[in-house]
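Peer 1: I'd like to go over a predicted model; first the sequence, then the structure.
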Amino acid sequence: MKRRAVVFCALLAFAVTALARGPAPIGDISLGALPGEARVVLTRIKAGGPFSYPRDGSVFGNREKLLPQRSRGYYREYTVKTPGAHDRGARRIVAGAGAAGDVRSSGEYYYSDDHYNSFRRIRE
């Protein structure tokens, strides 16, 4: 019983420390390192469509707080097709509106291949 309490306390201390640090820093991914399906979606975002899924272009709320904090509606999400998946899969591009308020030209694009658990900024 004492050992369980020690393990629990150690895990609790680790969790509190991780939360105090905040989200992990966002890494980068080059355009060339993206899967081909993601490059297609990025091209479509910049062109204003067409998109493959009805939810593409919907507001991304950033509830996970992994991306820089912005006002609601600043971020939009787009599905990156996952080969072999029978649903939308886990891959997404999230686009920021930028200073001009337009995701097509903002240059602010993030890639997630694990359904928003982590992001990498796309560097073109």
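Peer 2: Looks like it arrived, so ask away. Numbers count the residues shown, from 1 in each chain.

Peer 1: Poorly predicted segments of the protein, please.
Peer 2: Applying pLDDT under 70 to the chain picks out residues 1-24.

Peer 1: again, only this time at 80
Peer 2: Across the chain, the ranges flagged by pLDDT under 80 are 1-25.

Peer 1: And the strands in it?
Peer 2: 27-30, 58-59, 75-79, 92-96, 109-112, 120-123 (DSSP state E).

Peer 1: could I get the ones you listed as CSV with distance to Leu67 and mean neighbour count?
Peer 2: Every residue, glycine included, has its C-beta placed from N, CA and C. Below are these laid out as CSV (distance: least, CB to CB, whole Å; neighbours: other CB atoms under 10 Å):
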stretch, distance to Leu67, mean neighbour count
strand 27-30, 13, 12
strand 58-59, 13, 12
strand 75-79, 7, 21
strand 92-96, 7, 23
strand 109-112, 6, 24
strand 120-123, 9, 16
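
Peer 1: Redo those as TSV? Include distance to Leu42.
Peer 2: TSV is the format used below for these (distance: least, CB to CB, whole Å):
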stretch	distance to Leu42
strand 27-30	11
strand 58-59	17
strand 75-79	8
strand 92-96	6
strand 109-112	6
strand 120-123	7
